[in-house]
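>>> structure of the sequence below:
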Amino acid sequence: MTIPSPYPPAEVVIGLDVGTTGTKAVAFGLGSSWRHTVVREYPLLAPRPGWQVQDPATVVAAVMGALAEVVTAAKGARVSGISVSTAMHGLIGLDESLRPLTPLITWADSRAVAEAAELRASDEAESLHTASGTPIHPMSPLTKLIWFSRHEPQLAAKVRAWVGLKDYILQALTGTSATELSTASATGLLDASTRSWNPRAIELAGIREDQLPPILPTTAVLGLTKSVASRLGLATATPVIVGAGDGPLGNLGTGALDPGVVGLSVGTSGAARMVVPGPRTDPSGRLFCYALTDSEWVVGGAISNGGISIRWARDILGDGGGDDAALLELAATVPAGSDGLVMLPYLLAERAPLWDPSLTGAIIGVQHSHTRGHFVRAVVEGVALQLWTIVDGLDAVSPVTSVRATGGVFRSRVWREVTAGVLGHPVTVTGGAEGSALGAAALGLLAVGRATSLRDGLDRLAPGLRESGEVVAVGEGDRMAYELTRQRIPALIDSYAAVRDLFRVPTTVG
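Predicted coordinates:
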């Protein structure tokens, strides 16, 4: 990898990554290693148990602020385009003037848990998942819309348009009411075979098709409005590439583009994904399938409990101070397999592989000889095992040849070695600091004709990225220990779902 130049180039492309807790705007120099990153954070609000929402105006203000600052840092460089990545599964209800009637209901919001459970138990669950690629889960806009039709019918009756986070950002930047294929594919409302809204899903949601935005290709190009352009210090109609969802763009941004190459990301949560040619149906119902472009889709699964699990362990098992690193050093003294201690880390409402938010976590096989180090290692191994169930499913889609991983947890040797051992594949740990923003910028170059393919766009912005990174091999001892664990864990996970009522803690949601 080249060292970024300190001098702004003559031309830049901006990757805009609008996430759950912050917005990142990154300007990438064209024909130069120069880049500049601006981050603006905002809160995730929980006004009621199970609700996770945001103020749309606050998010838009962060977007505008980040863009204005990164444009200033480019010091007059020509901006060839702003390409947009956003968190998926969000929902906002707009009035006749396209002003918000609701907050942004984020992917983490679980108010629709009962609606999702009812739909999952119905005869239509399989056909809905097959058609859209989106698992039946409270995260999906489909189940959120059912919740609004049942619990807020008067408010729902006032809604002129139901949109996602991407759609709202595009409206703010360009004045155009539209979504794109990637975001649409994560709603549960799409028919992936026709690339259009699914009439049956719309009927179940209790809405009309004209309340949903038109679906554009992810490479569609719009333009900044005059007022926004003036605010940002750019020319009117500066190209805005509608872009894709943050998950698919994350694969692009880490160089995990070819079939067989898994893109693994672990931060607070985690995900494993693979790019495939066209939408793929998962007979097991455990994998999602979201669009990157019309011809390139991403199959995979997401877990809610990634790095947050070790923070929980620090709070519960730590000494009241210190940091994650000290606790992980204890885990390093424990052998692979934690001497029989196993954790199912369902601390937050879990997604893949079971897509059942009612499951609670469990620690199994506790013995008197187990120490704090055993429990910490069991937490790390539990997260890795959940990711393995997804990678194992991906192997059935296309044989897994390699894994490219990114995320703060991989600064830890324990996390790196456990992940490689549990997955049974060498893991290439990449920097991936720009992640989805880099993916968005690469897609943007393709959209404006400055690249011939996604790979070409990525190589123009980050030469050598697809071949770079630290390779973590699978130790022979780890291979043997985790092979036995992998034989047992699928039956454990599947049977655990059958006894969830024994562990469920009563909650009030919605």
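>>> what about the longest helix in the chain?
Longest helix in the chain by number of residues, with DSSP state H as the criterion: helix 372-397.
>>> after that one, next one along is what?
Next helix or strand after helix 372-397 toward the C-terminus (DSSP states H and E): strand 402-406.
>>> please point out which parts of that next one sit buried.
For strand 402-406, burial by neighbour count (16 or more other Cβ atoms under 10 Å) applies to V403, R404, A405, T406. (Glycine included, C-beta is placed from N, CA and C.)
>>> what is the most widely separated pair among these?
V403 and T406 (10.7 Å; Cβ to Cβ).
>>> joint contacts of these two?
L264 (Cβ atoms under 8 Å, 6 or more residues apart in numbering).
>>> name the residue most distant from the centre of this structure?
Here the chain reaches farthest from its C-alpha mean at H368, the gap being 39.0 Å by Cα atoms, centre = their mean.
>>> any weak-confidence spans in this protein?
The chain contains residues with pLDDT under 70 at 1-5, 319-322, 432-433, 497-510.
>>> which element is the most centrally placed residue in it on?
Nearest to the mean C-alpha position of the chain, counting by Cα atoms, centre = their mean, stands G247 at 4.1 Å. In the assignment (DSSP H and E), G247 maps to helix 246-253.
>>> now do P490
helix 476-498.
>>> and that helix, what does it pack onto?
Helix 476-498 is packed against strand 342-344, helix 372-397, helix 413-423, with contacts defined by 3 or more Cβ pairs under 8 Å, 6 or more residues apart in numbering; DSSP states H and E.
>>> who touches it?
By Cβ under 8 Å, 6+ apart, the list of residues contacting helix 476-498 from outside reads 335-337, 342, 344, 353-354, 356, 359, 362, 364, 381, 385, 388-389, 392, 417-418, 420-422, 424.
>>> hey, C-alpha coordinates of it in CSV?
The C-alpha trace of helix 476-498 is given here as CSV (Å, rounded to 0.1, in the frame of the first residue of the first chain):
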residue,chain,number,x,y,z
GLU,A,476,-2.4,-27.3,13.9
GLY,A,477,-3.5,-27.4,17.5
ASP,A,478,-6.3,-24.9,16.8
ARG,A,479,-7.4,-26.9,13.8
MET,A,480,-7.8,-30.1,15.7
ALA,A,481,-9.6,-28.4,18.7
TYR,A,482,-12.0,-26.4,16.7
GLU,A,483,-12.8,-29.2,14.2
LEU,A,484,-14.4,-31.1,17.1
THR,A,485,-16.2,-27.9,18.3
ARG,A,486,-17.5,-27.2,14.8
GLN,A,487,-19.0,-30.7,14.6
ARG,A,488,-21.0,-30.1,17.8
ILE,A,489,-22.0,-26.4,17.5
PRO,A,490,-24.7,-26.7,14.7
ALA,A,491,-26.8,-29.2,16.7
LEU,A,492,-26.3,-27.1,19.9
ILE,A,493,-27.5,-23.9,18.1
ASP,A,494,-30.4,-25.6,16.4
SER,A,495,-31.6,-27.3,19.6
TYR,A,496,-31.1,-24.1,21.6
ALA,A,497,-33.9,-22.4,19.6
ALA,A,498,-36.3,-25.2,20.8
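>>> redo the helices and strands packed on helix 476-498 as CSV? Include mean neighbour count and distance to E69.
Listed next are the helices and strands packed on helix 476-498 as CSV, based on neighbours: other Cβ atoms under 10 Å; distance: least, Cβ to Cβ, whole Å:
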stretch, mean neighbour count, distance to E69
strand 342-344, 22, 42
helix 372-397, 24, 35
helix 413-423, 24, 33
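>>> turn the ones you listed into JSON lines, columns for distance to E329.
Shown next, in JSON lines, are the helices and strands packed on helix 476-498 (distance: least, Cβ to Cβ, whole Å):
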{"stretch": "strand 342-344", "distance to E329": "19"}
{"stretch": "helix 372-397", "distance to E329": "9"}
{"stretch": "helix 413-423", "distance to E329": "8"}
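>>> nearest to L128, of these?
Proximity to L128 (Cβ to Cβ) singles out helix 372-397 among these, at 18.9 Å.
>>> relative to helix 413-423, how tilted is the closest one?
With axes from the mean of the first three to the mean of the last three Cα atoms, to 10 degrees as the basis, helix 372-397 and helix 413-423 are set at 40 degrees to each other.
>>> can you report phi and psi for the nearest residue to A10 once chain neighbours are set aside?
In space, and not counting its chain neighbours, A10 is closest to A77: 5.9 Å by Cβ to Cβ, 6 or more residues apart in numbering. Backbone torsions of A77, given as degrees, to the nearest 10, read phi -60, psi 140.
>>> on that earlier part again, chain center to the following helix or strand past the helix holding G247, what's the gap?
Following helix 246-253 in sequence order, the next helix or strand is strand 261-266 (DSSP H and E). Put simply, strand 261-266 sits 11 Å off its chain's centre (Cα atoms, centre = their mean, to the nearest Å).
>>> following the chain past strand 261-266, name the next helix or strand.
That would be, after strand 261-266 and using DSSP H and E, strand 270-277.
>>> and the buried residues of strand 402-406 as JSON lines, adding distance to P259?
Listed next are the buried residues of strand 402-406 as JSON lines, based on distance: Cβ to Cβ, whole Å:
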{"residue": "V403", "distance to P259": "14"}
{"residue": "R404", "distance to P259": "13"}
{"residue": "A405", "distance to P259": "18"}
{"residue": "T406", "distance to P259": "19"}
